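In: Predicted model and sequence follow; I will ask about them next.
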Number of protein chains: 2
Amino acid sequence: MVRPTMEDVALRAGVSRALVSLVMRGSPKVSDMRRTAVLKAAEELGYSPHAMARSLASRTSTVLGVMVSDLHNAFFAEVVDGIDEVAREQGFDIIINTGGRSPARERRALESLLSFRPAGLVLLSPVVPATAISKAAEQLPVVLVARSSRLSTVDTVNDDGEVGARLAVDHLVSLGHQRIAHLDGGEGTQAGPRRRGYVAAMEAHGLVPQVVSSEYTDAAGARAIRGLIADGSLPTAILSCNDFNAVGAISALEDAGLRVPADVSVVGYDNTSLAALRHVSLTTIDQPRAEFGRLAASALLQRVRDDRTEPVRHLLTPSLVVRTTTASPGGPR
Amino acid sequence: MVRPTMEDVALRAGVSRALVSLVMRGSPKVSDMRRTAVLKAAEELGYSPHAMARSLASRTSTVLGVMVSDLHNAFFAEVVDGIDEVAREQGFDIIINTGGRSPARERRALESLLSFRPAGLVLLSPVVPATAISKAAEQLPVVLVARSSRLSTVDTVNDDGEVGARLAVDHLVSLGHQRIAHLDGGEGTQAGPRRRGYVAAMEAHGLVPQVVSSEYTDAAGARAIRGLIADGSLPTAILSCNDFNAVGAISALEDAGLRVPADVSVVGYDNTSLAALRHVSLTTIDQPRAEFGRLAASALLQRVRDDRTEPVRHLLTPSLVVRTTTASPGGPR
DNA sequence: TCTATTGGTTGGAGCGCTCTAATGCTGTAG
DNA sequence: CTACAGCATTAGAGCGCTCCAACCAATAGA
């Protein structure tokens, strides 16, 4: 249970500690003879460098911290994949922590991440207040994903929710729909742009927007639909704030004896793996998640290495994925 | 971008560095006067201790490393919640890394985690070879979740797949089913026990087991069902290896014009959030995921602090969750 | 022959912290 | 008035590493 140190390797290889350090860092100014001797000794002892001691001594870090607000949401998994890809490429490691969508726990996760003094921090859809973010940004480069910010010290990566909503509306209108309701995400992070995009697109088509208050869950989507049915104000098409909401909406419609898409078309948002299930097969708006991660990592590394200081704002264009929950009103044409 | 050190705080508070250290660790042998002075100075400077320097100096760590084999699977999120809960309670932090189900990437993640010299490691359903695990176990306490091992140096936490499969079979038999097929998980980690449990339960009921080779995915479940239909060997009930597989099976059944559960009953395994969606509403086997995490963290902390050395094997009992995809053959009674 | 130059190698300081042993300082007893 | 606790406080070494300046051949140039 005790790991060998650089000293042990040096002793065994018959060289100085500094030389071992050079070898471990892949320095070119080491003779081949010594290099192989050192590597052999390291191998035999099962030595691997102590990342903390290293970063303490070098006053630099090759670690990027990633705070995932909700590990339960597969959305973030793909963003992490993107971050990991770029980070690894550039010789950085990542450490993840999670906040479980609770500000208190997230704050702790942030503290914990900061205590490792990483080179930079990516926050995925954080729920902590902006002040906590700006405080972190005083200490190291910070990139926000799926959350906007006006702080000039942080970079942001978001999808253009207005465009996404417009794509959905355009699709439905082109199918012949006139009455299209939006099940709104309430205070959800990205609900605002999506709602604005929906309203603008409807108006652009000369149609009357119908915004129904809802939330990012299965149950909320179902509830909203039941409300619409009770009101007698059910439209021919629904644009949900996200995929979960859309799936809830579909089940409520089916419970009421309505067929999707024959009677009502439904569009989700996010293109989660759920939407892709053949059993669901939801028409939805896709966000380039891995690209989010790649851009976030790149932005961070630019700040870390190229000392960029002006903030960067990435606004990615989402795309429409047509599956089987949308059709012309009155049944497939 | 430069964080204050203990020295800075000491200077500002007019005390020695050692005193600041004592205050930061909450030592009782510091006068109230000094303590408040130090805390005030720390607050003003925005000081927080450097975790790495601390662990380097103390030769101990209050960090638990967690390797999540697949961030896309919400199963692990709940296990992490359980780990986090216990760890936090005991004053430990966790850092997560992911292997993306690729042995190479997982190995890297492991290396990265080890380089932080955490107090212990939890591996969630790792795919790396056993040798890599035993090597890690030489350096620190290791707990495996959702993967068994014969290594006496590692603890394991698993669900009892045999019991789970038996629960499912018993349920179906009690509904009146006689012909029940198992869509097998192939080489998947937990497929073996589930298969054995299925076969044993069928035999216990005097029924003939029908194991169909399949995989842990939506598409594989659908494929298996199409095969059974083509063969003319479709039974009245299906026990899938996991929820994804079950959902794929359901969609293939519906595509073929069969109704679930009226014509065929389907049982999943894992009780993922997918199964709980009203649109899916899958009868399935639930594993106490958070409990997995709690037990894993506890086992680790026992090794870390109480120096336990004999391995612990937790085998948790799963439970049946009845939803709407199972009924008596020939329609709901 | 002597001085530069080069490439490989090394000692030692120091990163921010903890920990041990030693210090100073009361107050009480002898 | 000294002795001795008992307590709060501190100096200093050291954790495993990096980095700088110094060092030491060996070769090249004058």
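Out: That came through fine.
In: what's the lengthiest helix in chain A packed up against?
Out: Ranked by number of residues, the top helix in chain A under DSSP state H is helix A:289-306. Under the contact definition 3 or more Cβ pairs under 8 Å, 6 or more residues apart in numbering or on different chains; DSSP states H and E, helix A:289-306 sits against helix A:74-89, strand A:120-124, strand A:142-145, strand A:154-159, strand A:313-316. Yep, even glycine has a C-beta here, placed from its N, CA and C like the rest.
In: Parallel or antiparallel, list what pairs with the second one.
Out: In this case it means strand A:120-124. Looking at strand A:120-124 with DSSP bridges, its partner strands are strand A:63-68 (parallel), strand A:142-145 (parallel).
In: And the contacts of that strand?
Out: For strand A:120-124, contacts defined as Cβ atoms under 8 Å, 6 or more residues apart in numbering or on different chains pick out A:64-69, A:76, A:79-80, A:83, A:110, A:113-114, A:133, A:136, A:140-147, A:293, A:296-297, A:300-301, A:303-304.
In: could you point out which element follows that strand?
Out: Sequence order places helix A:130-137 as the next helix or strand after strand A:120-124, per DSSP states H and E.
In: Same question for the fourth one.
Out: Toward the C-terminal end, the helix or strand that comes next after strand A:154-159 (DSSP H and E) is helix A:161-175.
In: Quick check: buried residues in that following helix?
Out: Buried residues in helix A:161-175, defined by neighbour count with 16 or more other Cβ atoms under 10 Å in any protein chain shown: A:161-169, A:171-173, A:175.
In: can I get those in a markdown table with distance to B:S328 and pLDDT?
Out: Shown next, in a markdown table, are those (distance: Cβ to Cβ, whole Å; pLDDT from 0 to 100):
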| residue | distance to B:S328 | pLDDT |
| --- | --- | --- |
| A:G161 | 47 | 94 |
| A:E162 | 51 | 96 |
| A:V163 | 50 | 97 |
| A:G164 | 45 | 97 |
| A:A165 | 46 | 97 |
| A:R166 | 49 | 98 |
| A:L167 | 46 | 98 |
| A:A168 | 42 | 98 |
| A:V169 | 46 | 98 |
| A:H171 | 43 | 98 |
| A:L172 | 41 | 98 |
| A:V173 | 47 | 98 |
| A:L175 | 41 | 97 |
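In: want to try TSV for the residues you listed, with distance to B:E89 as columns?
Out: Formatted as TSV, the buried residues of helix A:161-175 follow (distance: Cβ to Cβ, whole Å):
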residue	distance to B:E89
A:G161	39
A:E162	44
A:V163	45
A:G164	41
A:A165	43
A:R166	48
A:L167	47
A:A168	45
A:V169	49
A:H171	50
A:L172	50
A:V173	54
A:L175	54
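In: Put the alpha carbons of the longest helix of chain A into PDB.
Out: Taking Å, rounded to 0.1, in the frame of the first residue of the first chain, the C-alpha atoms of helix A:289-306 are listed here in PDB:
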ATOM      1  CA  ARG A 289     -23.700  18.100 -27.500                       C
ATOM      2  CA  ALA A 290     -20.300  16.600 -28.100                       C
ATOM      3  CA  GLU A 291     -19.500  19.800 -30.000                       C
ATOM      4  CA  PHE A 292     -20.500  21.800 -26.900                       C
ATOM      5  CA  GLY A 293     -18.000  19.900 -24.900                       C
ATOM      6  CA  ARG A 294     -15.300  20.300 -27.500                       C
ATOM      7  CA  LEU A 295     -15.800  24.000 -27.700                       C
ATOM      8  CA  ALA A 296     -15.900  24.400 -24.000                       C
ATOM      9  CA  ALA A 297     -12.600  22.500 -23.600                       C
ATOM     10  CA  SER A 298     -11.000  24.500 -26.400                       C
ATOM     11  CA  ALA A 299     -12.100  27.800 -24.900                       C
ATOM     12  CA  LEU A 300     -10.700  26.800 -21.600                       C
ATOM     13  CA  LEU A 301      -7.400  25.700 -23.100                       C
ATOM     14  CA  GLN A 302      -7.100  29.000 -25.000                       C
ATOM     15  CA  ARG A 303      -7.400  30.900 -21.800                       C
ATOM     16  CA  VAL A 304      -5.000  28.600 -20.000                       C
ATOM     17  CA  ARG A 305      -2.300  28.500 -22.600                       C
ATOM     18  CA  ASP A 306      -2.800  31.400 -24.900                       C
END
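In: quick check: angle from that helix to strand A:154-159?
Out: Relative orientation of helix A:289-306 with respect to strand A:154-159: 160 degrees, computed using axes from the mean of the first three to the mean of the last three Cα atoms, to 10 degrees.
In: Does the helix or strand where A:R34 lies reach DNA strand C?
Out: A:R34 is located in helix A:32-45, with elements delineated by DSSP H and E. Yes - Helix A:32-45 reaches DNA strand C (Cβ under 7 Å from any atom of the strand) through A:33-34.
In: Tell me which residues are up against that helix.
Out: By Cβ under 8 Å, 6+ apart, helix A:32-45 touches A:4, A:8-10, A:12-15, A:19-20, A:23-24, A:30, A:47-48.
In: Stretch A:202-217 too?
Out: By Cβ under 8 Å, 6+ apart, stretch A:202-217 touches A:166, A:169-170, A:173, A:178-186, A:188, A:195, A:198-199, A:220-221, A:223-224, A:227-228, A:233, A:235, A:240-242, A:244-245, A:248.
In: Contacts only, for the residue lying closest to A:P329 once chain neighbours are set aside.
Out: Excluding the flanking residues, the one nearest A:P329 by Cβ to Cβ, 6 or more residues apart in numbering or on different chains is A:T236, at 4.1 Å. Shown in contact with A:T236 (Cβ under 8 Å, 6+ apart): A:177-180, A:263-265, A:329.
In: Distance of A:T236 relative to DNA strand D?
Out: 65 Å (Cβ to the nearest atom of the strand, to the nearest Å).
In: Pull out the buried positions in the helix or strand that A:R223 is a member of.
Out: Element membership for A:R223, per DSSP H and E: helix A:218-231. Residues of helix A:218-231 classed as buried: A:218-226, A:228 (neighbour count, 16+ other Cβ under 10 Å).
In: Pop out the phi and psi values for A:S240.
Out: Main-chain dihedrals, A:S240, degrees, to the nearest 10: phi -90, psi 160.
In: from what I can see it touches A:V264, true?
Out: No - applying Cβ atoms under 8 Å as the test, A:S240 and A:V264 come out as separate, 11.7 Å apart.
In: Who has more neighbours out of the two?
Out: A:S240 (34 against 26; other Cβ atoms under 10 Å in any protein chain shown).
In: measure the residue nearest to that one when sequence neighbours are not counted to B:S265 for me?
Out: Nearest non-adjacent residue to A:S240, counting by Cβ to Cβ, 6+ apart: A:A246, 3.7 Å away. Relative to B:S265, A:A246 is positioned 27 Å away (Cβ to Cβ, to the nearest Å).
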